[in-house]
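[1] next come a sequence and a model predicted from it.
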Amino acid sequence: MTDIAARTDADPGLLGPDTVTWQLHADPAMWVAGIRSLFLQALHPRTVAAVVQNSNFQEDPFGRLLRTADFVSVSTYGTTEQVLGYAGRVRKIHRALRATDPDTGELFAIDEPELLLWVHCAEVASFLDVVRRAGYPLTGGQADRYLDEQRQTAALVGLDADQVPGSRAEMGEYFAAVRPDLHAAADAEVIYQFLHNPPVAPLLRPGVPFYTAAIGHLAYSLLPRWAIELYGHPGYEPTGATALLRTLRLTVLRLPELLLARRGQPPIKAAIARLGPWATPSARNLPDC
C-alpha cells in the first residue's frame, strides 16, 4: 500500500489503515476473542477483584465486553482527537477506583502498572490468538507487527510502551513470568459462571443455552491449556473448538448487517467516510511483513 498522505489529508487516527491492527480488529471473531480475554483476565486475583468490586456486571451482563469493544474500536478507527479524548476518560475513571486484595486485605489502586499490563496482554493476546485460530490469514511477521502496534494502545491507558511485550516471543516470556501469580480465586469462579450463564431479561432466556454452548463455553475452550487447568473446568476438545469457531465466524460473515452486533461498527464506517473506500478493513490490505 502507498503512504496514507499520498491518498488523503484526513486524520488516520492513532495507527491508520496501513497497519495490521486496522485490518484485524474488523474481523467478527473479535467478539469471541473479547469474551476469551475476560476469562483470562479473571485469573489474576487483583484484576478480578477490581472487576467484581467496582462494576455492576450482574445487572449489565455484557457491559464490560461492550465497553472494551468500544475502546478497541475507537482507538483503532477514531480520529486522533477522539482516541485521546476517550483514553483520557478511561484513565480518569481508573484513577478514581480502588479495590481490596482478597488475599491480603490491602486497598489498591486499579490503575497499578502491573494490573494495566496484565489486562492489556490478556486482551491483545486473546485478540491475536482467537482471530488467527478462526482462520484469519496472518503470517508470523504480521502477528509480531500487530503486538508491536498495540504498544501504542497500551500507552493510551498509562503504560510505558517500551515495557509492553511487542512480539510473540516477548508475550510468551511475559505470560511465563506472570503465571506463578495466577490462580482461579473465588471471584474467578464467579466470572466463569457469569460468562457461561449471564442473567438476561426473561425474553432472552430461551437463547441462553445456545449462547452458552456456541459462545461462552467456546470462548473458555479457546484459552491456553494452562489457563483451563487453573480453572479446573473441562473445555471443548481443541480441534472441535477450532472447527466451531471457524464455522461461527463464517456464519457471522454471511449474516445481513442488521443482524450483526454493531456496537463497534460506527467508528469503522466513520473512518471509511473520512478517509475513503480504500481504507475499508480487509485481509487483502495487510502490510507485508
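    Yep, it's here. Numbering: from 1, shown residues only.
[2] quick one: low-confidence ranges for the stretch 1-150 of the chain?
    1-8, 57-58, 60-62 (pLDDT under 70).
[3] for it, just list every one of the strands.
    Ranges of strands within the stretch 1-150 of the chain are 98-100, 107-109, based on DSSP state E, counting those that start in this stretch.
[4] now do the last one: everything it contacts.
    Okay, so that is strand 107-109. With contacts defined as C-beta atoms under 8 Å, 6 or more residues apart in numbering, strand 107-109 is touched by 46, 95, 97-101. C-beta: built from backbone N, CA, C; applies to glycine.
[5] likewise for the first one?
    Applying C-beta under 8 Å, 6+ apart, the contact partners of strand 98-100 are 46, 49-50, 53-54, 106-110.
[6] mind doing that once more with 10 Å?
    46-54, 106-111, 115 (C-beta atoms under 10 Å, 6 or more residues apart in numbering).
[7] just to revisit the earlier point, quick check: which of the strands of the stretch 1-150 of the chain is buried the most?
    Among the strands of the stretch 1-150 of the chain, strand 98-100 has the highest mean neighbour count (mean count of other C-beta atoms under 10 Å), at a mean of 15.
[8] partners of that strand in the sheet?
    Applying DSSP bridges, strand 98-100 is found paired with strand 107-109 (antiparallel).
[9] so for the helix or strand that contains residue 176, what gets flagged as buried?
    Assessed by DSSP states H and E, residue 176 sits inside helix 168-178. Of all the residues in helix 168-178, those buried under the rule 16 or more other C-beta atoms under 10 Å are 168, 171, 174-175, 178.
[10] pick out the most distant pair among the contacts of strand 107-109.
    The most widely separated members of these, counting by C-beta to C-beta, are 95 and 101 (18.4 Å).
[11] my guess is residue 77 contacts residue 71. True?
    No: contact criterion C-beta atoms under 10 Å: residue 77 and residue 71 do not qualify, at 11.5 Å.
[12] ranges for the helices of the stretch 1-150 of the chain?
    Using DSSP state H, counting those that start in this stretch, the helices assigned to the stretch 1-150 of the chain run over residues 20-24, 30-41, 45-54, 63-77, 80-96, 113-133, 140-156.
[13] any chance of the strands of the stretch 1-150 of the chain in CSV, plus distance to residue 211?
    Below are the strands of the stretch 1-150 of the chain laid out as CSV (distance: least, C-beta to C-beta, whole Å):
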stretch, distance to residue 211
strand 98-100, 28
strand 107-109, 33
